[in-house]
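In: Here you go, sequence then predicted model.
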Amino acid sequence: MMSQVSGSALLGAVRNRPSLVNRLPVSGSLKNSTVVVLFAALGCSGELAGGRPGGRPAVSTDLTGLGGNSGLPDLNATGGSAVGGPGSSLGGAATVTTETRSFACGVEAQPKPAVLRRLTVAQYRNTLSDLLTGLVAQAEVDVIVGAVGPALATLPRDRREPVPEDIHGSYRRLDQTLQQVHVDGFYSVGVALGNELTTSAHLASVVGACATDADASNDAACLDSFIRQFGAKALRRALTAEDVMFYKSVYGASTTADSAAYADMIGVLLNAPEFLYFVEHGAAAVPNHPAVYELSAYEIASRLSYQLWQTLPDTELAASAADGTLLTPTVFQAQVARMIASPRAQTALHEFWEDWMRVTDVPLLNAKVADPVFKAFAGGDLPGATLNQSMIDDVVGLVDYYTWQKPATVGALVTSELSFARAPELAKIYGVPVWDGVAAPPAFPLGQRPGLLTRALFLSTGSANTRPIMKGVFIRKNVLCDSIPPPPPGANAKPPELEPGLTTRETVEQITEQPGTVCGACHASIINPLGFATEGFDSLGRFRTEQKLYDATGMPSGSKPVKTDGVPQVVLGDQQAISTPSELMALVQSSSKVEACLARSFFRYTYARWEDTTTDGCALEDARKALVSGKISDLLSAAALTPDFRRRNFE
């Protein structure tokens, strides 16, 4: 209903009482037809009013640069910009940046100023579900979430956000786009959920029997108790007297139990900036670090829970924030260990792995099943509609296995020769039995398919041709964290079509490796050799020793042996030659670059921004050391236990 308060009234409250801005709904008019986008407008003004005592600056709400609405570029392009670090000239006009394999940790370095982040849509959905836990019977949670499903469906899905350092899209956590569709969607969900929770079937459970009994004398206490308890869970902190007064004013002048008034108030709470955003004010100043503050216990609890579980703090974590014990090292470490041990951490971490591995970049494999060349190429392995997901499940199963089931070092990711294909269609492509998820995973023939990068997900293209350039760029940038100069103006960003009688490798070499050309400087040295190493697999991920060639009608026109040899320069300047994927993976494992690169990648996921090695070196080095000396799962605890995770720069 949202009949108790109007956008103009709220806007007036802001102007008269700036400290209330933290509790304003994102949406404007709750009744009028004109929607006043209160919080979005306030964000453009540059700062949140009502900074904490002690002279600390108010939290910046500048939304500039937090995300745009531009489309993703062609994923076959090899563009990207240098991240920084010492350069290594490889000839021509190209200079490739080789990333450091360890990070200088200067305890005096200031962390980067933090921006005001909103919950991702995935976090928002999880938060709504967990907000209901304890209010209604668990069986009713899914029913209620389902009832507000149409409103939830209006929210855009999170996307891997393109940034200058990665124009193809990095991590969904970096998607901070704020558009009218978000504002309207949050508003609609708040209205729908408020109405659903205050029906006759749920009001007594949600608010308490005091809201439905015939005794009017307990209505005021009932209202006060609900505001404090529900508000604390929604805003992820204890409410102040001023908070309670504000939400009572939203409820109305009377304290008489009224389901419509409760619905209005719930809707406003669910549009409060502190529900939708990570609003942080900090607590104690960090000595010798101007404008840097330790976060409060509530703020740390929120960061930790959304980092590890993608949702709001549970009862135990919230209790340790409420009594302040979370600020003690032993309690904080115990909470980190408890949360990492939970299955919820495993589920939440899937988002990181999926983004890091760019699983959504693989085209639909069944899109060309009617194409005569593709039909001839695929033969008895013509892809079905579920093959894409089966390939994703395969690689997620691999990282899950070595992170949780059989904890191992990062080396296992690049050397494992076990199959995690659970679907018969993919197992047939691999030539191994289906894995049931319980018994020991089946093994590939020795030396044939080592590590993550030989899995079908990284080999499949949706066409009859492989894409060695894309494979090389992925390894160079995502696995080794080397940056590649952008392609020269006018470069063809489309995959090369096969020349008659030539293999894919021969075609790519002919187009990109001509002596004296600008293209050849990068392709011949640091892109193509990495991609050529896995040409022993076709574009469905099947092992092969020769490439079958077809004419335009799909008729066979011959075959040629595939070549996988080259000088990959895993470490730039290293001229060691390889001839098999196993030899490539051995170089990757011994380079020490994978641990450093994975530390960088997890930093970006954790802080929703790109790293700066001059200021973030300690956090990066903590993560790198954890991976070098421990297991893959140690990356989670290392990220949470580094001091920067519990601090914020308000500069």
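Out: Yep, that arrived.
In: isn't residue 523 right up against residue 514?
Out: No: using CB atoms under 8 Å, residue 523 makes no contact with residue 514, being 9.5 Å away. C-beta: built from backbone N, CA, C; applies to glycine.
In: what about those two, which has more around it?
Out: Of the pair residue 523 and residue 514, residue 523 is the one with more neighbours under other CB atoms under 10 Å, namely 26 against 13.
In: Could I get the pLDDT score of the more buried one?
Out: At residue 523, the model reports a pLDDT of 92.
In: Could you report the neighbour count for residue 146?
Out: Per other CB under 10 Å, the neighbour tally for residue 146 reads 11.
In: Ok, the one 3 residues further on next?
Out: Applying the criterion other CB under 10 Å, we find 11 residues in the vicinity of residue 149.
In: Which residues are in contact with it?
Out: Counting by CB atoms under 8 Å, 6 or more residues apart in numbering, residue 149 touches no other residue.
In: so how far is residue 186 from it?
Out: As for residue 149, its distance to residue 186 is 15 Å (criterion: CB to CB, to the nearest Å).
In: One more: residue 192?
Out: Residue 192 is 11 Å from residue 186, by CB to CB.
In: Who has more neighbours out of the two?
Out: residue 186 (26 against 20).
In: Show me what the helix or strand containing the more buried one is packed up against.
Out: Under the criterion of DSSP states H and E, residue 186 resides in helix 180-197. Helix 180-197 sits against helix 121-132, helix 138-147, helix 149-152, helix 259-269, with contacts defined as 3 or more CB pairs under 8 Å, 6 or more residues apart in numbering; DSSP states H and E.
In: again, only this time at 7 Å
Out: helix 149-152, helix 259-269 (3 or more CB pairs under 7 Å, 6 or more residues apart in numbering; DSSP states H and E).
In: Any buried residues in the shortest one, and which?
Out: By that I understand helix 149-152. Of the residues in helix 149-152, 151-152 count as buried by neighbour count, 16 or more other CB atoms under 10 Å.
In: Could you pull up the mean pLDDT of that helix?
Out: Mean predicted confidence for helix 149-152 is 96.
In: Distance from the chain centre to that helix, please.
Out: Using CA atoms, centre = their mean, to the nearest Å, the mean C-alpha position of helix 149-152 is found 22 Å from that of the whole chain.
In: Beyond the helix holding residue 186, next helix or strand please.
Out: That would be, after helix 180-197 and using DSSP H and E, helix 203-206.
In: mean confidence score for that following helix?
Out: pLDDT averaged over helix 203-206 gives 96.
In: Give me the distance from it to the chain's centre.
Out: With CA atoms, centre = their mean, you get 35 Å for helix 203-206.
In: Please apply the same query to stretch 566-579.
Out: 32 Å.
In: Can you give me the first-to-last residue distance of that stretch?
Out: End-to-end span of stretch 566-579 (CA to CA, to the nearest Å): 6 Å.
In: I would like the residues contacting that stretch, please.
Out: 88, 96, 98, 480, 482, 525-526, 529-530, 532-533, 564-565, 584, 587-588, 591, 593 (CB atoms under 7 Å, 6 or more residues apart in numbering).
In: Would you show me how to pick out the buried ones of these in PyMOL?
Out: This is the PyMOL syntax for the buried subset of the contacts of stretch 566-579, where burial follows 16+ other CB under 10 Å:
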select buried, resi 88+96+98+480+482+525+526+529+530+532+533+564+584+587+588+591+593
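In: residues touching the residue lying closest to residue 296 once chain neighbours are set aside, list them.
Out: Counting by CB to CB, 6 or more residues apart in numbering, residue 283 is the residue found nearest to residue 296 once chain neighbours are left out, at 4.4 Å. Counting by CB under 7 Å, 6+ apart, residue 283 touches 293-296.
In: go with 8 Å
Out: 293-297, 299.
In: Can you check the pLDDT for it?
Out: Residue 283 is given a pLDDT of 95.
In: Ok, residue 159 next?
Out: You'll see residue 159 listed with a pLDDT of 91.
In: Hmm, it is touching residue 169, no?
Out: Yes: counting by CB under 8 Å, residue 159 does reach residue 169; the two are 6.7 Å apart.
In: and the residue nearest to residue 419 when sequence neighbours are not counted, what does it touch?
Out: Excluding its sequence neighbours, the residue lying closest to residue 419 (CB to CB, 6+ apart) is residue 432, at 4.6 Å. Applying CB under 8 Å, 6+ apart to residue 432 gives the contacts 419, 421, 442-444.
In: Out of those, who's the most crowded?
Out: residue 421 (26 neighbours).
In: which ones are touching that one?
Out: Residue 421 neighbours (CB under 8 Å, 6+ apart): 390, 394, 427, 429-430, 432, 434-435.
In: Which of those ranks first by neighbour count?
Out: Busiest of the contacts of residue 421 [other CB under 10 Å] is residue 429, holding 25 neighbours.
In: Help me confirm that that residue is found in a helix?
Out: Yes: assigned with DSSP: H, G, I helix; E, B strand; the rest coil, residue 429 falls within a helix.
In: Residue 179 - how many residues pack around it?
Out: 12.
In: confidence score at it?
Out: pLDDT at residue 179 comes out at 91.
In: Tell me how many other residues surround residue 247.
Out: Residues lying near residue 247 (other CB under 10 Å) number 23.
In: which of the residues in the helix holding residue 186 are buried?
Out: 182-197.
In: how does this protein divide into domains?
Out: 118-276, 350-590 (automatic domain parsing).
In: Relative to residue 303, which of the ones you listed is closest?
Out: domain 118-276 (10.1 Å; CB to CB).
In: Between its first and last residues, how far does that closest one reach?
Out: Domain 118-276: ends 6 Å apart by CA to CA.
In: Then stretch 397-406?
Out: 12 Å.
In: cool, stretch 426-444 as well?
Out: 13 Å.
In: can you tell me the helix or strand for residue 293?
Out: strand 292-294.
In: Would you indicate which residues of whichever helix or strand comes after that strand are buried?
Out: Next along the chain after strand 292-294, taking DSSP H and E as the criterion, comes helix 297-308. If you call a residue buried by 16+ other CB under 10 Å, then helix 297-308 has these buried ones: 297-308.
In: Export those residues as CSV, with columns for pLDDT and distance to residue 255.
Out: Formatted as CSV, the buried residues of helix 297-308 follow (pLDDT from 0 to 100; distance: CB to CB, whole Å):
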residue, pLDDT, distance to residue 255
297, 98, 32
298, 98, 28
299, 98, 32
300, 98, 35
301, 98, 31
302, 98, 30
303, 97, 36
304, 98, 36
305, 98, 33
306, 98, 34
307, 97, 39
308, 98, 40
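In: Rebuild the residues you listed as TSV, extending it with distance to residue 125.
Out: Listed next are the buried residues of helix 297-308 as TSV, based on distance: CB to CB, whole Å:
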residue	distance to residue 125
297	26
298	22
299	22
300	23
301	20
302	17
303	19
304	19
305	15
306	13
307	17
308	17
